[in-house]
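Novice: Based on what follows, work out the 3D shape:
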Amino acid sequence: MDTPEATKSQADSAGWTEHLARAAEAFARELRERVPEEFTKHARGSLKEGLLAMRSLLDAGIERIEREEREKTARHVPIE
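Specialist: Okay, here's the model as predicted:
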């Protein structure tokens, strides 16, 4: 069972979290209003390219692991 102090602390914590979330939203809104649209366009394109580069690394790693697994299970069986 929560004590009155614990309940107050939880309420204070929730209030602080809400305050921080509102402040972060306001800050992001201010930035969006001040940053040129051209910058945003290039930044999003750069982010996308970076993510695509990471995807290609992950795909290559997955392919390598799958190839090694296939090679371990594949074996030569002589036909008589």
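Novice: From here on, just use CA atoms for contacts and neighbour counts.
Specialist: Noted.
Novice: just checking, next helix/strand downstream of the helix or strand bottoming out on mean pLDDT in the chain?
Specialist: For the chain, using mean pLDDT, DSSP states H and E, the weakest element among its helices and strands is helix 4-34, scoring a mean of 85. From helix 4-34 onward toward the C-terminus, using DSSP states H and E, the following helix or strand is helix 37-73.
Novice: mind checking how far that next one is from the chain centre?
Specialist: Distance of helix 37-73 from the chain centroid (C-alpha atoms, centre = their mean, to the nearest Å) equals 14 Å.
Novice: same question for it, mean pLDDT?
Specialist: Helix 37-73 carries an average pLDDT of 95.
Novice: Also compute the angle for that helix relative to helix 4-34, please.
Specialist: 110 degrees (axes from the mean of the first three to the mean of the last three C-alpha atoms, to 10 degrees).
Novice: Need the residue closest to the centroid of this protein.
Specialist: Of all residues in the chain, the one closest to the mean position by C-alpha atoms, centre = their mean is Leu51, 10.2 Å from it.
Novice: list the contacts for it?
Specialist: Not one residue lies near Leu51 by C-alpha atoms under 8 Å, 6 or more residues apart in numbering.
Novice: How much space separates it from Leu58?
Specialist: Applying C-alpha to C-alpha, to the nearest Å, the value for Leu51 to Leu58 is 10 Å.
Novice: now do Glu69
Specialist: Going from Glu69 to Leu58 by C-alpha to C-alpha gives 17 Å.
Novice: Repeat that for Lys48.
Specialist: Taken as C-alpha to C-alpha, the span from Lys48 to Leu58 is 15 Å.
Novice: what number of residues lie near Ala26?
Specialist: For Ala26, the count of nearby residues is 12 (other C-alpha atoms under 10 Å).
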